[in-house]
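Asker: Sequence first, predicted model second:
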Amino acid sequence: MSDPRTTRAWPHPEVVGDLASLRAAAPLTHCITNVVVSNVTANVLLAAGASPAMVHAPEEAGDLAAIAGGLLINLGTVTAEQGEAARVAVAAAVAHGVPWVLDPVAVGPLPMRTALAHELLERRPAVIRANASEVLALAGGTGGRGVDATSGPEAAVDAARGLAERTGAVVAISGPVDLLVTPGGVVEVPGGDGLLTRVTGAGCALGALVASFLAVAPDALRAATAAHAVIAVAAERASGAARGPGSFAVGLLDELSRLETPGR
């Protein structure tokens, strides 16, 4: 994909094409995620054109992961049972060739989720989606203030490159400009709006959207780029008519559903 650093990522023809593919396939996306954002995540996936499923029981998580198009593991409100479901789902996804995303929410200061994140990293996610402090924590640092980053994206690029080399994952660092880091370089996805940080679950839903795009895009970098670009342009459009965070959250869903693709 040509580098979006010098042009807007929308309407980049590959991004538009990948969104059209997602809408045509409506990939089943298995989300083991934060209970605070499950509804938001499901609605974002539906608005974009994917098919969400939230199955957290260890007894079922592997069965669903085996038939999904993509899997999200989000550690936002992880419990012992949900951690076991994550292990089972990732094992099934790896065994069946299903690509998966790790969103290591608040790793660093919280020991249980930090240990689980490091354990899951050994199963080689296709994409790691995190803020800068979470990336630094995965690389051995202390992390941020709960879910809040205390470092900017540029500060985490070297750590992200090391994670990418070690795991084979694309490391997506969220920020005013999202940075998608691979061993070979960095792709910047501009856009979005500050209101994304004023509503619950936008970043968590983005991780799920990456998992959906993994089911249809030809590689992980392209999937991550498409998901970040789609959220960025929808957020920009939603912010124009928003009166505040509440109307923005609704508008984001509307704009996701209205994004132009061939035939629409």
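Answerer: Yep, that arrived. Numbers count the residues shown, from 1 in each chain.
Asker: where do the helices sit along the stretch 101-250 of the chain?
Answerer: Under the criterion DSSP state H, counting those that start in this stretch, the stretch 101-250 of the chain contains helices at 111-121, 132-138, 157-167, 202-214, 220-241, 245-258.
Asker: For the last one, buried residues please.
Answerer: Using 16 or more other C-beta atoms under 10 Å as the burial criterion, the residues of helix 245-258 that qualify are 248, 249, 251, 252, 253, 255, 256. (Glycine included, C-beta is placed from N, CA and C.)
Asker: what do you get for the fifth one?
Answerer: Residues of helix 220-241 classed as buried by neighbour count (16+ other C-beta under 10 Å): 220-239.
Asker: out of the buried residues of helix 245-258, which one sits closest to residue 65?
Answerer: Nearest to residue 65 among the buried residues of helix 245-258 is residue 256, at 24.8 Å by C-beta to C-beta.
Asker: show me where the protein has strands.
Answerer: Listed in chain order, the strands of the chain (DSSP state E) span 28-32, 51-53, 70-74, 100-103, 127-130, 170-173, 178-182, 185-189.
Asker: Restricting to C-alpha, output the fifth one in CSV.
Answerer: Looking back up the chat, that one is strand 127-130. The C-alpha trace of strand 127-130 is given here as CSV (Å, rounded to 0.1, in the frame of the first residue of the first chain):
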residue,chain,number,x,y,z
VAL,A,127,-1.9,-7.1,15.1
ILE,A,128,-1.2,-5.6,18.5
ARG,A,129,-3.3,-2.4,19.0
ALA,A,130,-2.4,-0.3,21.9
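Asker: residues making contact with it?
Answerer: 99, 101-105, 107, 121, 135, 138, 163, 167, 169-174, 203, 206-207, 210-211, 214, 220, 223-224 (C-beta atoms under 8 Å, 6 or more residues apart in numbering).
Asker: can you check the second one too?
Answerer: Applying C-beta under 8 Å, 6+ apart, the set of residues contacting strand 51-53 from outside is 26-31, 41-42, 45-46, 64, 68, 208.
Asker: which neighbours does that strand have in its sheet, and in what orientation?
Answerer: Sheet pairing of strand 51-53 (DSSP bridges) gives strand 28-32 (parallel).
Asker: tell me the mean pLDDT for the strand it pairs with?
Answerer: Average pLDDT, strand 28-32: 98.
Asker: go on, stretch 244-263?
Answerer: 94.
Asker: Show residues contacting that stretch.
Answerer: With C-beta under 8 Å, 6+ apart as the contact definition, stretch 244-263 has outside contacts at 10-11, 16-17, 19-20, 23, 40, 43-44, 47-48, 193, 195, 198-199, 202, 230-231, 233-235, 237-239, 241-242.
Asker: Same check on stretch 62-72?
Answerer: Against stretch 62-72 from outside (C-beta under 8 Å, 6+ apart): 25, 27-33, 41, 53, 55, 88-93, 95-96, 98-101, 103, 207-208, 210-216.
Asker: what about the spatially closest residue to residue 57 that is not a sequence neighbour, distance to residue 154?
Answerer: Distances taken as C-beta to C-beta, 6 or more residues apart in numbering place residue 85 nearest to residue 57, at 6.4 Å, with adjacent residues excluded. The gap separating residue 85 from residue 154 is 35 Å, by C-beta to C-beta, to the nearest Å.
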